[in-house]
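Peer 1: Below: sequence and its predicted model.
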Amino acid sequence: MGGTQKKKFERGSATNYITRNRARKKLQLSLPDFRRLCILKGIYPHEPKHKKKVNKGSTAPRTFYLLKDIRFLLHEPIVAKFREYKIFVRKLRKAYGKTEWSAVERLKENKPTYKLDHIIKERYPSFIDALRDIDDALCMCFLFSTFARTGKCHVQTIQLCRRLTVEWMNYVIASRSLRKVFVSIKGMYYQAEVMGQLITWLVPYQFSHDHPTDVDYRVMATFTELYTTLLGFVNFRLYHSLNLVYPPKLDIKAESELKGENEDEYAMDSESYPEKLAALSASLARVVSTAEEEDAQLDAFPTEEEDLEKVEAREKEQMQLETQKKIFEGLKFFLNREVPRESLAFVIRCFGGEVSWDRSVCIGSTYDATDETITHQIVDRPNVDKSYINRYYIQPQWVYDCVNAKVLLPVEDYFLGVTLPPHLSPFVEEKDGDYVPPEKLKIMALQRGEKPAQEQDDDDDDDDDEEEENDEDDDEEDEEQNEDDEDEAEEKNLKEMEKQKSQGKSLQVKVTPGKMKMENPVRLEQEEKAEEKRLAIMMMKKKEKYLYDKIMFGKKRKIREANKLAAKRKAFDDTEKAKKKKTKN
Amino acid sequence: NSSSITFNQTLPFKMAAARRLKRVAVSQPGFLGLKSNVKPSELVSSRRKRVNKNKKKNWNRHSDIHDVEDFLEDIRHQERTTGGLLSEKPDDSLFFLDVGQTDKAGNEGKASLVSPVTAYQQPNAKKLRRIAQKAEQLAAKGVLPRRQRRLLSRRPAEKTVKKAEANNNPDRDFYAMWGEEKVTDSADPWYLQQTGKKLVQRPEKLNQKPSVLPAVEVIAPGGSYNPDFLSHQALLQEAHDVEVQKQKQEDKLQRQLAFRKEDRATEVQTIISAVAACLYEDEDEAAAPNEDEADSALGAIAVAAKKTERQRKKEKAEKMKTQQQQASRRQTERQQQLFQLRSIKSSIKQQELQTKARRMKRKARQEAQKALPRRLGKLKYAQDLEVQLSDELAASLRQLKPEGSVLKDRFKSLQKRNLIEPRERAKFKRRLKVKYVEKRAFRQIT
């Protein structure tokens, strides 16, 4: 036994981690700068597994970083820029203090700046990587673009965010890639499918900001700084993938249409073009002008027979998608001034509709309310002054619900003054056995192409509901049926025998013409399947049987719960109806 | 004019002093400066000296009295050289009437050497004249001489150095970042690396996300602006549960902090009676305990008595005996285990099963933890749910009042995904105490 005594905390996890303060000192940066650097470079704090070991025996809560990460940061050229900026600020402050205005001007002219392009390239080596991380960027840019220009952040940042979001929306319109919309109490959720990636983003309502005090604006601004750069490059690539001109330009035809007489009322000359782009009412110019978009056909590969079903399913899905992309094609919308213009214009244009609004609401309106060819006018007020007979006056929820349902829903439920059906979240996917609200069932029936009786009476509605509930009951019974089918069949046979016997008792000997026994092939097949299943259950090992029973029990319980919810819903509806009747009386 | 220049040169001052003099001279309204072509704006330097002027010492040290001294010096100088102030002298003594060259004594030598005619002759007059004529002709045609042409053809130096634009410039342009990979620069990679021009490659591990949660978590279906009845109820239930949990914790804290009932201050009357009772009891029992203490002390000493040889032997034998017994028992047990093989096997199997189950459980917990926010700093992550009660729900989209803030939602999401640590806004801490002083004016009034 010899050698020097091992010292504590000189090997192992204690040397793999570094506290925030030590990291900051190592980089010679102030805390805000350090935080900014970490965000830009994508280096995040770690929670060590053995905190006490890492913290050298202390249990005080601290923020730790991996030492290797910090070492990696040491090579970053932006660190030098941060230091330069710090010195610039110091000099500027000094010049201000001495009231040396010429020096202030000179310093401001030579303000040190930095670019994040190399960081984007480093963090997202391929385009798909960037696209996967675009959700955050979109949320941030949409959020910052709605800020008032009151000094919470740089005005230029707000302008840049606005520009980028408008570019993004125009791309989504041009590529028709919007899939889902959800109007929530927080904001509007959109989901688009871009190059096979599902991209979700949240857009706040306009003018809804009360600036919360417990949010660090500096951190948010840093994230936005990174994300604006990212979104810009992604937009560039996306525009080029569609042969669109970047930065976006309006189509020549559309531009001439949009030429209003009194443009200068809306914006200055320098601002009117971006404003027109932001209005989302015109299509964009292409590099190679193609009259019609070529619909890319899926390549048909010779496949094995196993995959044939899959291929068919895929083709069917593709067809459905194509039809969904065009649900508003041929419709002409007019937005009243009280509805959220940008959101509705975006959604309608994404699905091929034409849209316009009042001249005084925004730049870029293409036709007036007096246009006879308008098919739908979107209104969100109790009554309208002047109504045209050849158009529907509907509430804005119709547009969103149609998009989510992927079909044109009946407009009757969305007329003025009608209590709207609930706006369901398209982001919920029910598994079989879950409770499905009746409204969704109705929509699903519509999607399948069934036409419910749409004579709008309260009583009829009731019947519908009941029918649906019956359907559910049937579903529930199906499970049991599979097992009980065999028994039932036997019972039937027995009953028939008995009948025959009883008939025999009456002794009416008669020769009746033979009846063809109609064999229902579907029924037979089902019976066969049920029989197979029953046999399979019988052949199960004890262990497997136990597991099977457990699963079945779970399923049944789920169904029971769903039924309970349905009953609850029915009770609620009944009470609502009763209330309504009372108020009517 | 020439006389004034010479006069200036004779001044014995150094340059700095001279500048100061000028400044003073300008500031004096009645004073006539000797050199008049200096503008007053050039004299006043841009920098001001800043010193406290509340002490007399500083007045002496820092106030600029050079001007006064220089002024006086100048006056003395004028008196010394001209016998009085220049401004007070009559014009006759300062100026004289120029009537042409009176004395020719100075020019005599030169005039004799060069005759007046040859003085005007040029040796190459003809050539010069021809050149001038040619130039005139060319100028009439519009052809410039070579020298001028060269001057004109010189490009103006590019003064506009391209300014680096800010990162958030709204008109900035983007380019194809993810095109086909550029061919690496022709420069030697070793050179680039050594000169610090090559970026260090980012470790692959840094591209992993610290949480498996999606960037945008969509609100529950009950958060719709016009929700389905049951999903809305479910969301309300969730929010309710959170509140109940909070309330429970608060109650628990209150319970733990509450003082016990026995600790409550008793009424005065009961205290007095209790104290009195104690006093009387004490007097009765005062003598008793002393005897007990003496007994116990003696017992303690008695235990420590010495063992006899016999006792020791006996103890030793007993010890040996028990050891032997134990050894034999162990032996038989081991032999018996041969017959218990089956049960041992089963127990081992059970143990293995148990460890396997534990491992599975641990793994599941670790998986679940990936989605949870980690503890990254002093504070724990706290979530808040946005809910609108049934009576707060809007009848139409127009009347919708948004709940919560998207900004906060994004901020919390960043925290939840372990991208930033949860923090509180730094509290303002006053380093020095504020001393309250009554203002004099205020004191006079009251």
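Peer 2: Now that the structure is in, tell me what you want to look at.

Peer 1: Can you pull the residues of the stretch 201-350 of chain A lying near chain B?
Peer 2: With C-beta under 8 Å from any C-beta of the partner chain as the criterion, the stretch 201-350 of chain A meets chain B at residues A:201-202, A:204-205, A:208-216, A:219-220, A:223, A:225, A:228-229, A:232-233, A:235-237, A:240, A:246-247, A:338-340. Quick note: C-beta positions are derived from backbone N, CA and C, even for glycine.

Peer 1: Which neighbouring elements make contact with the one helix or strand A:Ile120 maps to?
Peer 2: Using DSSP states H and E, A:Ile120 falls within helix A:117-123. In terms of contacts (3 or more C-beta pairs under 8 Å, 6 or more residues apart in numbering or on different chains; DSSP states H and E), helix A:117-123 is packed against helix A:31-41, helix A:217-241.

Peer 1: Any regions of the chain where pLDDT drops low?
Peer 2: Looking at chain A here, since you left the chain open. A:1, A:208-209, A:257-268, A:288-306, A:451-509, A:584-585 (pLDDT under 70).

Peer 1: wait, chain B
Peer 2: In chain B, residues with pLDDT under 70: B:1-48, B:102-115, B:159-161, B:180-186, B:265-269, B:271, B:280-304, B:440-446.

Peer 1: hmm, 80 instead?
Peer 2: Residues of chain B that meet the criterion pLDDT under 80 lie in B:1-55, B:60, B:62-64, B:100-121, B:156-164, B:179-187, B:196-197, B:260-305, B:437-446.

Peer 1: now the strands for it?
Peer 2: Along chain B, no segments are classed as strands by DSSP state E.

Peer 1: Mind exporting the C-alpha coordinates of the helix holding A:Ile120 to PDB?
Peer 2: Extracted in PDB, the C-alpha atoms of helix A:117-123 (Å, rounded to 0.1, in the frame of the first residue of the first chain):
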ATOM      1  CA  ASP A 117     -25.000  32.600 -41.100                       C
ATOM      2  CA  HIS A 118     -22.100  30.300 -40.100                       C
ATOM      3  CA  ILE A 119     -23.900  29.300 -37.000                       C
ATOM      4  CA  ILE A 120     -27.000  28.300 -39.000                       C
ATOM      5  CA  LYS A 121     -24.900  26.300 -41.300                       C
ATOM      6  CA  GLU A 122     -23.100  24.700 -38.400                       C
ATOM      7  CA  ARG A 123     -26.200  23.800 -36.400                       C
END
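
Peer 1: Just the buried positions in the following helix or strand past it, please.
Peer 2: Sequence order places helix A:127-132 as the next helix or strand after helix A:117-123, per DSSP H and E. For helix A:127-132, the neighbour count (16 or more other C-beta atoms under 10 Å in any protein chain shown) marks A:127, A:130-131 as buried.

Peer 1: what's A:Trp398 in contact with, if anything?
Peer 2: A:376, A:378, A:409, A:411, A:414 (C-beta atoms under 8 Å, 6 or more residues apart in numbering or on different chains).

Peer 1: Please identify which helix or strand holds it.
Peer 2: Taking DSSP H and E as the definition, A:Trp398 sits inside helix A:397-405.

Peer 1: from the chain's centre, how far out does that helix sit?
Peer 2: Computed by C-alpha atoms, centre = their mean, to the nearest Å, the chain-centroid distance of helix A:397-405 equals 13 Å.

Peer 1: tell me the centre residue of chain A?
Peer 2: Nearest residue to the geometric centre of chain A (C-alpha atoms, centre = their mean): A:Gln191, 2.9 Å.

Peer 1: does it sit in a helix or strand, and which one?
Peer 2: strand A:188-194.

Peer 1: and after that strand, which helix or strand comes next?
Peer 2: strand A:197-203.

Peer 1: so B:Leu400 makes contact with B:Ala394?
Peer 2: Yes. B:Leu400 lies in contact with B:Ala394 (C-beta atoms under 8 Å); the separation is 4.1 Å.

Peer 1: quick one, which of these two is more surrounded?
Peer 2: Legend: neighbour count by other C-beta atoms under 10 Å in any protein chain shown for B:Leu400 and B:Ala394, higher for B:Leu400 (19 against 14).

Peer 1: which ones are touching that one?
Peer 2: Taking C-beta under 8 Å, 6+ apart as the contact definition, B:Leu400 lies against A:185, A:205, B:225, B:394.

Peer 1: how close does the last one get to B:Pro227?
Peer 2: Right, B:Ala394. As for B:Ala394, its distance to B:Pro227 is 11 Å (criterion: C-beta to C-beta, to the nearest Å).

Peer 1: The first one now?
Peer 2: For A:Ile185, the distance to B:Pro227 equals 9 Å [C-beta to C-beta].

Peer 1: overlap in contacts of those two?
Peer 2: Counting by C-beta under 8 Å, 6+ apart, nothing touches both A:Ile185 and B:Pro227.

Peer 1: Enumerate every residue touching A:Ile78.
Peer 2: Shown in contact with A:Ile78 (C-beta under 8 Å, 6+ apart): A:37, A:40, A:114, A:119.

Peer 1: quick check, nearest of those residues to chain B?
Peer 2: A:Tyr114 (6.5 Å; C-beta to the nearest C-beta).

Peer 1: shouldn't the closest one be in contact with A:Lys81?
Peer 2: Yes. At 4.2 Å, A:Tyr114 counts as touching A:Lys81 under the criterion of C-beta under 8 Å.

Peer 1: Looking at these two, which one has more neighbours?
Peer 2: Per other C-beta under 10 Å, whichever of A:Tyr114 and A:Lys81 has more neighbours is A:Tyr114, with 19 against 14.

Peer 1: quick check, that one in a helix?
Peer 2: No. Under DSSP: H, G, I helix; E, B strand; the rest coil, A:Tyr114 falls outside any helix and is assigned coil.

Peer 1: Fine by me, we can end here.
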